[in-house]
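Enquirer: Have a look; sequence and predicted model below, questions after that.
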Amino acid sequence: VAAVARDVAHHQPRMRSAQAGFVQPHARGRARRVSPAELALVLGAGVVAGGINTVVGSGSLVTFPLLVALGLSPVAANISSKLGILPGGVSGTWGYRRELRDLRHLFGPLLATAAVGGLAGALLLLVLPSETFDAVVPVLIALAGVLVVAQPAIKRWVARRAQRSAAAGEQPPSSPEATA
């Protein structure tokens, strides 16, 4: 517990000063006040991100950059963003439960992949210096943005490939029979 507390303290949020650059929070640990405009921006971004997450799952592309722009460190912004949009993901899953029923066979592999990736990411976040995360985040955000924009083309490509496989009499890889 002490090691985790030390690592979290190492990744304290930084606040923007009136001049360029970042300054550390007040030495006594007091946080700055959030203005009503900033609160409205975060609330609006959270609502938009929740809607986006329910439909395509990339809501943190809205919340994360806003939180960094408001002065949080990338680490604190990432944690806050993920925790903030979690209820939207849960409610979206509940709302789509009937549509997801036919995809139950994918739940185990997807859960395992997400758990391994989440655990690996959390461990890297704790052991690497925050500067590493600061450098990698813009690349990851750009990659995620490209994938979101390319998603319709990727879906068309996957659908054409599945049609060709079906025409050849092959089982598509996502079918229960192919994964059983």
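Expert: Thanks, I have the structure now. Numbering: from 1, shown residues only.
Enquirer: residues in contact with residue 111?
Expert: By C-beta atoms under 8 Å, 6 or more residues apart in numbering, the contact set of residue 111 is empty. Any C-beta I mention is one placed from the backbone N, CA and C, and that applies to glycine too.
Enquirer: any idea where the helices of the chain begin and end?
Expert: Counting by DSSP state H, one finds helices in the chain at the ranges 2-10, 36-55, 60-69, 74-95, 97-100, 107-127, 130-167, 176-179.
Enquirer: among those, which is the most enclosed?
Expert: helix 60-69 (a mean of 20; mean count of other C-beta atoms under 10 Å).
Enquirer: Read off the pLDDT value for the spatially closest residue to residue 154 that is not a sequence neighbour.
Expert: Nearest non-adjacent residue to residue 154, counting by C-beta to C-beta, 6 or more residues apart in numbering: residue 147, 7.8 Å away. pLDDT, residue 147: 88.
Enquirer: Surely residue 80 touches residue 73?
Expert: No: using C-beta atoms under 8 Å, residue 80 is not in contact with residue 73, being 10.2 Å away.
Enquirer: give the contact list for residue 74.
Expert: Residues in contact with residue 74 (C-beta under 8 Å, 6+ apart) are 64, 68, 130, 133-134, 137.
Enquirer: what two of those residues are the furthest from one another?
Expert: The largest distance within the contacts of residue 74, taken as C-beta to C-beta, falls between 64 and 130 and amounts to 15.0 Å.
Enquirer: which of the helices of the chain has the lowest average pLDDT?
Expert: helix 2-10 (a mean of 45).
Enquirer: distance of the residue nearest to the spatial centre of the chain from residue 149?
Expert: In the chain, the C-alpha nearest the mean C-alpha coordinate belongs to residue 60, at 4.9 Å (C-alpha atoms, centre = their mean). For residue 60, the distance to residue 149 (C-beta to C-beta, to the nearest Å) stands at 16 Å.
Enquirer: what do you get for residue 113?
Expert: From residue 113 to residue 149 the distance is 23 Å (C-beta to C-beta).
Enquirer: ditto for residue 129
Expert: 31 Å.
Enquirer: go on, residue 83?
Expert: Residue 83 is 26 Å from residue 149, by C-beta to C-beta.
Enquirer: again with residue 81
Expert: 20 Å.
Enquirer: Ok, residue 66 next?
Expert: Counting by C-beta to C-beta, the separation of residue 66 from residue 149 is 20 Å.
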